[in-house]
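> Give me a 3D structure for the following:
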Amino acid sequence: MHVSPVELIIYVSVVGVSGGRTWDECILRAWVVLSHAAATLGEREVVAQLDAWVQEQLRGGALIPKSPTGKVLRWVLVEQFDREAKAKL
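Here you go, the predicted model:
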């Protein structure tokens with residue numbers, strides 16, 4: 001069953017994070033909050049549908065941190081990514 005990406009995603013935040021190969025390399029990373037409809041499909045089916053739609057591999061999932069006014073705290077996402085990258089070393 002194919003579902004529109006609009007029905008699968010509640011919110012997305014995309015930020016530039018360190019690529020790790022050079023000091024100035026920056027790659028894009030997306031954090032995606034899935035809807036209840038996506039939860040009923042299962043993780044593999046949702047990733048497959050989004051992957052086909054975006055044509056890029058999607059990984060992981062996270063809560064997107066926001067300020068009390070609703071602004072996305074991008075610096076928190078970058079710090080989380082950096083901690084995860086260092087932990088893998």
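> Okay, helices next: where are they in the chain?
Here the chain has its helices, by DSSP state H, at 5-8, 36-41, 43-54, 74-87.
> just so I know, which of these lies nearest Val14?
With Cβ to Cβ as the measure, helix 74-87 is the member of the helices of the chain nearest Val14 (9.1 Å). In short, each C-beta sits where N, CA and C put it, glycine included.
> number of nearby residues for Val46?
Neighbourhood size, Val46 [other Cβ atoms under 10 Å]: 23.
> Tell me, what's the model's pLDDT at it?
Val46 carries a pLDDT value of 84.
> next one: Gln55
As predicted, Gln55 sits at a pLDDT of 56.
> Likewise for Ser18?
Ser18 is given a pLDDT of 81.
> got it, and Ser67?
With respect to pLDDT, Ser67 has a value of 88.
> Verify the stated contact: it with Val76.
No - the criterion here is Cβ atoms under 8 Å, and Ser67 misses it with Val76 at 9.8 Å.
> Which one of the two is surrounded by more residues?
Remark: of Ser67 and Val76, Val76 carries more neighbours, 14 against 9, as counted by other Cβ under 10 Å.
> List the contacts of that one.
Listed by Cβ atoms under 8 Å, 6 or more residues apart in numbering, the contact set of Val76 reads Pro65.
> Against Ser18, how distant is it?
In this view, Val76 and Ser18 are 15 Å apart by Cβ to Cβ, to the nearest Å.
> which stretches of the protein have low pLDDT?
Residues of the chain meeting the criterion pLDDT under 70: 1-3, 20, 23-24, 55-63.
> Quickly note the distance from the most centrally placed residue in it to Thr22.
Residue closest to the average C-alpha location in the chain (Cα atoms, centre = their mean): Trp31, at 2.0 Å. Computed as Cβ to Cβ, the Trp31 to Thr22 distance reads 24 Å.
> likewise Arg44?
34 Å.
> Relative to Leu8, how far out is the residue nearest to Val15 when sequence neighbours are not counted?
Counting by Cβ to Cβ, 6 or more residues apart in numbering, the nearest residue to Val15 once its immediate chain neighbours are dropped is Arg74, at 4.6 Å. Arg74 sits at a distance of 23 Å from Leu8 (criterion: Cβ to Cβ).
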